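Colleague: predicted model and sequence follow; I will ask about them next.
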There are 2 protein chains.
Amino acid sequence: MPDSQTNSPAPTRAPRLLLDLGAEAAGPRHARLARALREAIRRGRLAAGTVLPPSRVLAAELGCSRWVVTEAYAQLAAEGYLEATVGSGTRVRPLAEAAAPPGPGAAAPAPPAPLDMAPGLPDLRAFPLRGWLAALRSAGAELPSADLGYPDPAGHPVLRQVLADYLGRVRGAQAGPADVTVTTGATDAIGRLCRELRRRGGRAVAVEDPGWHRIRQVVTAAGLAVVPVPVDDQGLRADRLDARADRRAGDRADAVIISPAHQFPAGTVLSAPRRAALLAWARITGGLIIEDDYDAEFRYDRRPVGALQGAGPPFVALVGSVSKTLSPALGIGWMVTPPGWTPAPDRPDRPDRPEVPAGPPVLDQLAFASFVRSGGYDRHLRACRKSYRDRRDALAAALAARLPEARVAGAAAGLHLLVRLPAGTDAAAVAAAARAAGVRVASLDTYRIEPGPPGLVLGYGNLAGHQVEAAVTRLATAVRSAS
Amino acid sequence: MPDSQTNSPAPTRAPRLLLDLGAEAAGPRHARLARALREAIRRGRLAAGTVLPPSRVLAAELGCSRWVVTEAYAQLAAEGYLEATVGSGTRVRPLAEAAAPPGPGAAAPAPPAPLDMAPGLPDLRAFPLRGWLAALRSAGAELPSADLGYPDPAGHPVLRQVLADYLGRVRGAQAGPADVTVTTGATDAIGRLCRELRRRGGRAVAVEDPGWHRIRQVVTAAGLAVVPVPVDDQGLRADRLDARADRRAGDRADAVIISPAHQFPAGTVLSAPRRAALLAWARITGGLIIEDDYDAEFRYDRRPVGALQGAGPPFVALVGSVSKTLSPALGIGWMVTPPGWTPAPDRPDRPDRPEVPAGPPVLDQLAFASFVRSGGYDRHLRACRKSYRDRRDALAAALAARLPEARVAGAAAGLHLLVRLPAGTDAAAVAAAARAAGVRVASLDTYRIEPGPPGLVLGYGNLAGHQVEAAVTRLATAVRSAS
C-alpha cells in the first residue's frame, strides 16, 4: 500500500517513535522524542548500526521544528546511545557501549545461577502435563459446536457445577453452580469484585498489612482506596474494622480482602473469635468479605481449615485459582459469590448491558472440569502435598542449622514461610545481598504498608529439593554480609 | 465449621440474599430485600416450594426491623412470587404461576426453531477441532517447564514472532515481535489501549457511527468519552476529526477506532483519500488510530485491502483476533502497537508497576502459533472463504427474489451484509417480527448513535447453507407484516 505522506528513507523505523510525542503529556517535545528514541534503542527496536533519518526529514515527518530533532539527537549522543559518523549520518551505537544508568549493582560481577525463593510459584517441574493434555483431548472430543460461540462470562455451566462440588467437598464451601463464576485467576476475580463494588458506590477496601502486594494494585486500579488493617498472631485485627451500621457516611471499608486459611505472608490461621467478629462486621455493615483462598490445598499437619465462606455464604466471596496448585500459565480461577454478585449472562441482543470480561477459553474450562472429575486433580494435589512437606522440612532444618538467629513462622501450610530477622537487621540489604549471591528472596517490607520488624519471605514451591542447601547457604552469607 | 452468629433454620438459603442490601445504594431496605428475593427466585436460587425463614428470624439475621421483612414478603406475594401457606409459613411459588412481566411477545405462541442471522459469529460447525487438538498436543509436547510460570502479559515470544510474520504476510502489517501483544480478543486489546490512553490523560475517543456497539462500551468503561463520527460510502468522514495541532486544549478525540478493511456494519472499504487524511490527522495531532481488523480475512472479489497499519506504523494500533476465523471461545487476539504502547514485561520484583492483565493461557498461545506455522490456519481460512462466498451468493439471491425492495450493501467481504429498507420502514418492528417468526436479525439502529435511514444487518457466518432460504422467507414475511 503506497503511503503518500512518507518522505523519509524507507529502511529506518525511527518515524514509528513519534506517537509517544503526542500521547504522553509530560515534558517538552525534544525531551519526549529523546525518551522515545532511548526506549526504542534499549528495547532493541532500533538495532545497533541503524542510521537515523536526517534531522530535516524526521522533523518534517513529525511536524515539528528541526531544532527539536537535533536537540534530541544531541542528548542521546551525550548519553552514548547515538554517534555521528562522518559521511553516513547519525547511527545507533552498540548497547554495551552506551552509558550504563547509575544504580545499585550496575558494576557487580556476574552472579551465580539464581535460585528462586521468591514466593508465588508452585513446582513448575511437577506440572501434570500428560494428564492435562489428556483432559484437553477428552474435553475436545465431547465439545458441542454451540460451545464455540461467545462464552458465558460467568463460566461454562459444566465447570461451575464441578467447582461447586469440589469447593463444597474440599473447602467446606456452600455453593450451587449459580454462585460460581469462572475467572482467569484470583486477580481477575478480585478485580471484578472491586469494579462491581465501585459501580455500586463503594469507596474503600480493607486489606491485610502485611499482605499480597498485587491485591493493593487491583483495588487501586478499580478506583477504590486501600485501608490497611494490621495482622497479629491470630490473623487480621477484625476489631480495627469500623463496625457501626451507619458506616456508609464516611469512607470506611466497603469490603475486606483476607487470607484466613494461611495469611500471606505471616502464615497465621485466622482464629475462631476473629472469624466470628469478621462475619459480625459484614452482617452489621453490609460489607463484603473477599476470602483469598490462595494456597489452602497445602496444609501439612492436619486437615485444611475450612473456608470462611462455608460459615457465612451471604457475606463472603470465596476466591481461588489453580495458580498455586497447577500453574499460573493455565489462567484458571474462580469465585463463589453471594447472590447479586454473579455477573449476568452476556446478551448480544442487549448492547446496553455493561461489558463483562470473558473467562478462560471454553476448552480449557472443560479440560479442568474433566481433570477434576477424573480424580486427576486430587491425585496431583496429594503428590504435591507430600513433596512440598518434605521440602519444607528440609528448608526448616537448613535454616535452623545455618541461620539459628532467625525465627521461622507460618510453615504449617502453603508454599512459603516467614523468617523473622533480629531487630535492627536491614532486610532490604539482606535481600539485595542474597540476590547478588544468586538467591531471590523477598523482604517482608515488600508486602507492608506500615513499617514493622525485619523479615524475609521464602518461597519453596519452585525450588528443587536439591537446591535447598545451596539456597540457605547463600542466604546465610547474605545475612552475615548485610549485618 | 460452627457459625455462632447464625440462628435461622439451616436448610433455607434465604439469608444469603442480604448482601445486596448493604452493597446496593438505591431504595429503601424493604424494596431492596424484595428485589434481592425476586432475583433469587427468578434465577432459581430459591427453588419453588422453598420455605422462607419467619420474618422475625430473617429480621434478626439482617439486623433490620421485622416490618422491613413483612413488607418485602407482602410485595412479592402480591407479585405472585411467594405464597403464605397455613401452618407452614411463606413459600416460593412455582415460577410459571408468577405474574409474567408485561412486555412485547409475552403472550406470543411458541416461535419456530430460531435461525441465527445476528452478526458476529463465524460458522461454529466448521471449527477445525481435530487440527486444534493436534496443535495443543504438539505445543504441549515441547513445553519447557519455565513457560508454566506467570506468563508475560505481552504474550509468549513464540506467538508474537508468528503473529508478526503472519500479519506482515497476510495483512501487509509492518511489525516485529516486540510490537505485537497477545490479548484475549479484540475487545481486550481495545480495552487495554483505552485504559492506557486514559492513564496518559486522554479524554475522548472517536468511533464510527454506525459501528460495533461493544466498542462504545469498552471506551466508556475506560473512563473516556465517545465522539461519534459519521460514515459514508467512502468510510469514516475523516474530515470531521479535529485536525488542529493544539487540539489537546479541548476534549476532542485522542484516538479514533475504525474498521477500514470492511466497515462494520456498512461494509464499505475506507477510500485512499480518507486513509491519507486519517494518517495526516494522526501525524499532526499525535492521536492514535486503532484499526479494528475484525474480518479482513474474508474478502470474496479481490485480494483483501492491506491494513492501514502498514501505511503508517507509528500512528496505528492494529487489532485482530481469531473470533471470526476460528471461534470466540478460544479467547485469542492481538494488537500491533506503535513504540511506547507495548506493555512492559511483568516484574514480580517490581510491585510498583501497574497491574497488567494476563493474556491467554500459555498452552493456547503456543497451540495457535503451531497451528499457524503448520499451515493449518491458512488451509482453514481458504476453505472458509469459499464456503462463506457460496453462502453469501445464496443469501443475496434469496434477498433479490423475496425482498426486491431492499438494497443490499457491503457484501464484498466479511460475514454479514447490510440491507437498506424503504424509507419509513420501522426496522425495530421488523427485527421484532422476525424474531417472533424465528429468525434473529439486528436493526441497523443497534449500531447507531445518531439516527439514520432504516436497515437490517444480516450475519451469515453461523447460518447453515440449507437454512438460507427459510431465513429469508421468514424475514420477508416479517418485513411485510411490519410495514
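Modeller: Thanks, I have it.

Colleague: what are the buried residues along stretch A:277-284?
Modeller: A:277, A:278, A:279, A:280, A:281, A:282, A:283 (16 or more other Cβ atoms under 10 Å in any protein chain shown). Yep, even glycine has a C-beta here, placed from its N, CA and C like the rest.

Colleague: residue contacts, the first one?
Modeller: So the one you mean is residue A:277. With contact taken as Cβ atoms under 8 Å, 6 or more residues apart in numbering or on different chains, residue A:277 is in contact with A:238, A:239.

Colleague: chain center to the helix or strand hosting it: distance?
Modeller: Assigned by DSSP states H and E, residue A:277 belongs to helix A:272-285. Helix A:272-285 sits 28 Å away from the centroid of its parent chain (Cα atoms, centre = their mean, to the nearest Å).

Colleague: CA atoms only: put that helix into PDB for me.
Modeller: Taking C-alpha atoms only, helix A:272-285 is exported to PDB below (Å, rounded to 0.1, in the frame of the first residue of the first chain):
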ATOM      1  CA  ALA A 272     -12.300 -18.600  65.600                       C
ATOM      2  CA  PRO A 273     -13.100 -15.400  67.500                       C
ATOM      3  CA  ARG A 274     -11.700 -13.300  64.700                       C
ATOM      4  CA  ARG A 275     -13.800 -15.300  62.100                       C
ATOM      5  CA  ALA A 276     -16.900 -14.600  64.200                       C
ATOM      6  CA  ALA A 277     -16.000 -10.900  64.500                       C
ATOM      7  CA  LEU A 278     -15.500 -10.600  60.800                       C
ATOM      8  CA  LEU A 279     -18.800 -12.200  60.000                       C
ATOM      9  CA  ALA A 280     -20.500  -9.900  62.500                       C
ATOM     10  CA  TRP A 281     -18.900  -6.900  60.800                       C
ATOM     11  CA  ALA A 282     -20.200  -8.000  57.500                       C
ATOM     12  CA  ARG A 283     -23.700  -8.700  58.900                       C
ATOM     13  CA  ILE A 284     -24.000  -5.300  60.600                       C
ATOM     14  CA  THR A 285     -22.400  -3.100  58.000                       C
END
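
Colleague: average pLDDT across that helix?
Modeller: In this model, helix A:272-285 has an average pLDDT of 94.

Colleague: do stretch A:35-52 as well
Modeller: pLDDT averaged over stretch A:35-52 gives 76.

Colleague: buried residues, it. List them.
Modeller: Those would be A:35, A:36, A:37, A:38, A:39, A:40, A:41, A:45, A:46, A:50, A:52, for stretch A:35-52 by 16+ other Cβ under 10 Å.

Colleague: so who does residue A:416 touch?
Modeller: Residue A:416 makes contact with A:119, A:264, A:265, A:267, A:410, A:457, A:458, A:459, A:460, A:461, according to Cβ under 8 Å, 6+ apart.

Colleague: do you know how far the closest residue to it other than its chain neighbours is from residue A:296?
Modeller: Spatial nearest neighbour of residue A:416, chain neighbours left out: residue A:119 (4.0 Å); criterion: Cβ to Cβ, 6 or more residues apart in numbering or on different chains. Distance of residue A:119 to residue A:296, given as Cβ to Cβ, to the nearest Å: 15 Å.

Colleague: now residue A:270
Modeller: Per Cβ to Cβ, residue A:270 is found 12 Å from residue A:296.

Colleague: shared neighbours of those two, anything?
Modeller: Common neighbours of residue A:270 and residue A:296, using Cβ under 8 Å, 6+ apart, are A:261, A:305.

Colleague: so which residues of the stretch 301-450 of chain A form strands?
Modeller: Counting by DSSP state E, counting those that start in this stretch, the stretch 301-450 of chain A has strands at residues A:316-321, A:333-336, A:407-409, A:416-420, A:439-440, A:442-443.

Colleague: what lines up beside the second one in the sheet?
Modeller: In this case it means strand A:333-336. strand A:180-183 (antiparallel), strand A:316-321 (antiparallel) (DSSP bridges).

Colleague: as a markdown table, those with mean pLDDT would be great.
Modeller: Listed next are the strands paired with strand A:333-336 as a markdown table, based on pLDDT from 0 to 100:
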| stretch | mean pLDDT |
| --- | --- |
| strand A:180-183 | 96 |
| strand A:316-321 | 98 |
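
Colleague: how about these in a markdown table, adding distance to residue A:216 and mean neighbour count?
Modeller: Shown next, in a markdown table, are these (distance: least, Cβ to Cβ, whole Å; neighbours: other Cβ atoms under 10 Å in any protein chain shown):
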| stretch | distance to residue A:216 | mean neighbour count |
| --- | --- | --- |
| strand A:180-183 | 19 | 28 |
| strand A:316-321 | 15 | 27 |
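
Colleague: do you know which of the ones you listed lies nearest residue A:406?
Modeller: strand A:316-321 (30.6 Å; Cβ to Cβ).

Colleague: okay, the angle between the closest one and helix A:272-285?
Modeller: Interaxial angle of strand A:316-321 relative to helix A:272-285 (axes from the mean of the first three to the mean of the last three Cα atoms, to 10 degrees): 120 degrees.

Colleague: perfect, I'm done here.
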